[in-house]
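Student: got a structure for you, letters missing:
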């Protein structure tokens, strides 16, 4: 065997090792982090109950954490109809396929944070061979495909969503698979691949609504690269039309829940100044390779370098015009047009939401090897530079993975008052204390988050303007969760209130006077 094939074999083996390590990291400490607010919606959907039912119980009397168990586990009353009812009322922005899969999976292995996250981790692992396929279709090089798969395997973004009990892992699986099938269908013109592409789009739409962005990106790619070829446009249009037809029943279902949709996503009405929005966009390029929450001040230089390298890769991917990498560039362009363009016109906040950026970030990840490919095809100095860039990116990925997997609280969760671990630690230390929460300050499903971590006998008083439950006479110690000024003023005549418990401004401790 000559020296060159040996080097290629060694590099491929090393990259394969990194892929295996990244796959394993998806399964590490699955139940170690707090089960946060969005994940509790998954538990609520599996229970077949709704937020309205939870509110009714909380408002009727002081409850214990044990009373919330039925809102976070599969029960005998859970059915496909109950799951659809909960989705329609509380999660209309999420498609049903993932939740049916979770229902089947957790019916076998049990319903708890570990098992709900385990399905997502498995789906994320299954994405890795599809990633290799898409990278090979894009670059037509096994080594580059292996490099792309290794980068994706260690990507903290993909590990992040592999360990969250939400539908993002299955969405990214179908996103990657759809692009692979499209490129394969264009290359081979085989009818069965076009049929698989249509089925993938249909399943994707029933899994993750952002597949619609991918579909429009594919249409733009066909428009740019295939011009008016009937042999391409007819099967592509037929596949998209078939997928959309299968989605009509769910669109009809959503039309009956328009008011619920508006209620669930009224938080997106928040406006962001254009200058702040642009600064958020500038942080997007490095997110495929680095996630450090908000603790990035000391890492500003490597993050800036990662951003610059990613931007160079995006520019290089566009040359020559109409190459295979345009399938990813087209998806990026569509995302920018829909999300960034709309936010610029309306000062909206959609493009600033981390989970809404995933389509953009994953597409950009597939284009990063363009930079390595460009450097490697030059002289020895550029080849050495390519090796340094690869080592740097893998290094920052591993550093970020280490940080991510050792976090007890999810990084990049912008709403600090939703951190439940500090509250749980306090309540578990003082089992006779009462937790006081208000509907105006928190979502009642956030109490489900807390119930995973808190002693079952811990007591809760949940109040609303319409139903200001009195504080029980037996309550001598209170913990106030993001308490309103009105509630604090009401309590001050009978309780001494201590602010900023454990340096968390949303948590206060009150002890009865005398």
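Tutor: Everything's here; your move. What you are looking at is a predicted structure, and each value in this text was computed from that prediction instead of being measured.
Student: ok, which stretches of the stretch 1-150 of the chain are helices?
Tutor: Using DSSP state H, counting those that start in this stretch, the helices of the stretch 1-150 of the chain run over residues 3-25, 37-47, 51-60, 80-90, 97-109, 113-139, 142-154.
Student: Residue 450 is nearest to which of these?
Tutor: Closest approach to residue 450 among the helices of the stretch 1-150 of the chain (C-beta to C-beta): helix 37-47, 9.0 Å. C-beta here means a position set from N, CA and C on the backbone, and glycine is covered the same way.
Student: Contacts for the helix or strand hosting residue 328, please.
Tutor: If you go by DSSP states H and E, residue 328 is part of helix 326-335. Helix 326-335 is touched from outside by 138, 179, 182-183, 213-214, 216-218, 220-221, 224-225, 314, 317-318, 359-360, 363-364, 366-367, with contacts defined as C-beta atoms under 8 Å, 6 or more residues apart in numbering.
Student: As JSON lines, the helices of the stretch 1-150 of the chain with mean neighbour count, distance to residue 373 and mean pLDDT would be great.
Tutor: JSON lines is the format used below for the helices of the stretch 1-150 of the chain (neighbours: other C-beta atoms under 10 Å; distance: least, C-beta to C-beta, whole Å; pLDDT from 0 to 100):
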{"stretch": "helix 3-25", "mean neighbour count": "14", "distance to residue 373": "14", "mean pLDDT": "89"}
{"stretch": "helix 37-47", "mean neighbour count": "24", "distance to residue 373": "37", "mean pLDDT": "93"}
{"stretch": "helix 51-60", "mean neighbour count": "16", "distance to residue 373": "50", "mean pLDDT": "91"}
{"stretch": "helix 80-90", "mean neighbour count": "18", "distance to residue 373": "43", "mean pLDDT": "93"}
{"stretch": "helix 97-109", "mean neighbour count": "17", "distance to residue 373": "35", "mean pLDDT": "97"}
{"stretch": "helix 113-139", "mean neighbour count": "21", "distance to residue 373": "7", "mean pLDDT": "98"}
{"stretch": "helix 142-154", "mean neighbour count": "23", "distance to residue 373": "6", "mean pLDDT": "97"}
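Student: out of those helices, which comes closest to residue 477?
Tutor: Distance to residue 477, taken as C-beta to C-beta, is lowest for helix 51-60 among these, at 20.1 Å.
Student: ok, residues contacting that closest one?
Tutor: Contacts of helix 51-60 (C-beta under 8 Å, 6+ apart): 44, 63, 67-68, 71, 89-90, 439, 443-445, 447-448, 460, 462, 464, 467, 469.
Student: Check those for burial and list the buried ones.
Tutor: Among those, the ones that count as buried by 16 or more other C-beta atoms under 10 Å are 44, 63, 67-68, 71, 89-90, 439, 443-445, 447-448, 460, 462, 469.
Student: how about the helices of the stretch 1-150 of the chain, which one is nearest residue 189?
Tutor: Among those, helix 113-139 comes nearest to residue 189, with 14.2 Å by C-beta to C-beta.
Student: what is the orientation angle of the closest one with helix 326-335?
Tutor: If you take axes from the mean of the first three to the mean of the last three C-alpha atoms, to 10 degrees, helix 113-139 sits at 120 degrees to helix 326-335.
Student: Pull up the gap between the residue nearest to residue 28 when sequence neighbours are not counted and residue 452, please.
Tutor: Closest residue to residue 28 apart from its sequence neighbours, by C-beta to C-beta, 6 or more residues apart in numbering: residue 405 at 5.6 Å. Residue 405 is 19 Å from residue 452, where distance means C-beta to C-beta, to the nearest Å.
Student: before we move on, back to that, you'd agree the residue nearest to residue 28 is up against residue 27?
Tutor: No: taking contacts as C-beta atoms under 8 Å, residue 405 lies outside contact range of residue 27: 10.6 Å.
Student: show me the residues around the closest residue in space to residue 132 that isn't next to it in sequence that make contact.
Tutor: Once flanking residues are discounted, residue 132 sits nearest to residue 149: 4.4 Å by C-beta to C-beta, 6+ apart. Listed by C-beta under 8 Å, 6+ apart, the contact set of residue 149 reads 15, 19, 128-129, 131-132, 135.
Student: so can I have CSV of these showing distance to residue 286?
Tutor: Compiled in CSV, those are given as follows (distance: C-beta to C-beta, whole Å):
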residue, distance to residue 286
15, 21
19, 21
128, 21
129, 26
131, 19
132, 23
135, 20
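Student: and which of those is nearest to residue 387?
Tutor: Nearest to residue 387 among those, with distances taken as C-beta to C-beta, is residue 15, at 13.1 Å.
Student: would you say residue 473 is within a helix?
Tutor: No: according to DSSP: H, G, I helix; E, B strand; the rest coil, the state of residue 473 is coil, so it is not within a helix.
Student: Report how many residues lie close to it.
Tutor: 7 (other C-beta atoms under 10 Å).
Student: same check, this time on residue 250
Tutor: 17.
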